[in-house]
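>>> Sequence and predicted structure, then a few things I'm wondering about:
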Amino acid sequence: MEYLVTMITHVPAGTSQEAVDDVRAREAAHTRELAAQGHVLRLWRPPQAPGEWRTIGLFAAADEDQLELVLDSMPLRVWRTDDVTPLTPHPNDPGPSRDTGAGAEFMTTFTIHIPDGTPNETIDDVTRREAEDAHEQAEIGHLSRLWELPRDSGESRSLGLWRALDAAQMQQIVESLPLYRWMDVVTVQLTPHPSDPATAVGAGAA
């Protein structure tokens, strides 16, 4: 099973730079081990406020108990809080084998609000066109992954991982989606993480 984990690190006041560097070096080394074991799939840095130390990770584990063991094994856990979201494969997900490609990465959260009284035929038609469009976006390299999120107050929510040249192109892609008229969309631009397994750099810290 896959999980999205938002990791926020708070280094205690008075901690020496030497201690920080040591923990970060051990974190990077252990992250490479976890990636080799298939637990750490991707790592990104979202936009950060001044003084903030935040990482978004895509993890794989048999269940939440195993995930907790994985997270607890990471050296930075002594200074870190983790927010875990379980992910369910979306019917339109292109699958994890797709190449990362070129361009910036973006993460979108879609919340679907279908107006009351919308005919079932209309819903079925838009849903069909959405699936066809997702396939096309994956084929041209824009859509990397798609997951279903836990429902919030009964509303359908999904999480998408995309590639686009820039934020303007990403917005154009979102607005072109057949379901866009019924969506609330939150888009976050991601930056590469030095320990991201997909980049094969693996020399940095989380």
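Happy to help now that I have it. Numbering: from 1, shown residues only.
>>> what mean pLDDT does stretch 86-104 have?
Across stretch 86-104, pLDDT averages out at 84.
>>> What of stretch 61-73?
Averaged over stretch 61-73, pLDDT sits at 98.
>>> Using CSV, list the CA coordinates for that stretch.
Output of stretch 61-73 as CSV, limited to C-alpha atoms (Å, rounded to 0.1, in the frame of the first residue of the first chain):
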residue,chain,number,x,y,z
ALA,A,61,4.4,-0.5,3.3
ALA,A,62,2.2,-3.6,3.9
ASP,A,63,0.1,-1.6,6.4
GLU,A,64,0.2,1.4,8.7
ASP,A,65,2.0,-0.6,11.4
GLN,A,66,4.9,-1.4,9.1
LEU,A,67,4.9,2.2,7.8
GLU,A,68,5.3,3.4,11.4
LEU,A,69,8.3,1.1,11.9
VAL,A,70,9.8,2.5,8.7
LEU,A,71,9.3,6.1,9.8
ASP,A,72,10.5,5.4,13.3
SER,A,73,13.7,4.0,11.9
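>>> what does it rub up against?
Applying C-beta atoms under 8 Å, 6 or more residues apart in numbering, the contact partners of stretch 61-73 are 1, 3, 5, 30, 34, 39, 59, 77, 82, 84, 86. Every residue, glycine included, has its C-beta placed from N, CA and C.
>>> what domains does the record give for this protein?
2-87, 89-191 (automatic domain parsing).
>>> what's the first-to-last distance across the first one?
Yep, that's domain 2-87 we're talking about. Terminal residues of domain 2-87 are spaced 5 Å apart (C-alpha to C-alpha, to the nearest Å).
>>> ditto for the longest one
Separation of the first and last residues of domain 89-191 by C-alpha to C-alpha is 24 Å.
>>> one step back: can you list the domains of the chain in CSV and add distance to Thr199?
Putting those into CSV (distance: least, C-beta to C-beta, whole Å) gives the following:
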stretch, distance to Thr199
domain 2-87, 9
domain 89-191, 8
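>>> Of these, which is nearest Pro197?
Of all those, it is domain 2-87 that lies closest to Pro197, at 3.9 Å by C-beta to C-beta.
>>> Any idea how far that closest one is from the middle of the chain?
Offset of domain 2-87 from its chain centre (C-alpha atoms, centre = their mean, to the nearest Å): 14 Å.
>>> which element is Leu190 on?
In this assignment (DSSP states H and E), Leu190 forms part of strand 183-192.
>>> Name the surrounding residues that touch that strand.
With contact meaning C-beta under 8 Å, 6+ apart, strand 183-192 is reached by 44-47, 56, 104-113, 167, 170-171, 174, 177, 199, 201.
>>> quick one: strands adjacent to that strand?
Applying DSSP bridges, strand 183-192 is found paired with strand 40-45 (antiparallel), strand 104-112 (antiparallel).
>>> tell me the most buried of those strands?
strand 40-45 (a mean of 21; mean count of other C-beta atoms under 10 Å).
>>> got the CA positions of it in CSV?
Extracted in CSV, the C-alpha atoms of strand 40-45 (Å, rounded to 0.1, in the frame of the first residue of the first chain):
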residue,chain,number,x,y,z
VAL,A,40,10.8,5.2,0.1
LEU,A,41,9.4,5.7,-3.4
ARG,A,42,9.7,9.5,-3.9
LEU,A,43,10.7,12.6,-1.9
TRP,A,44,10.0,16.2,-2.7
ARG,A,45,10.3,19.6,-1.1
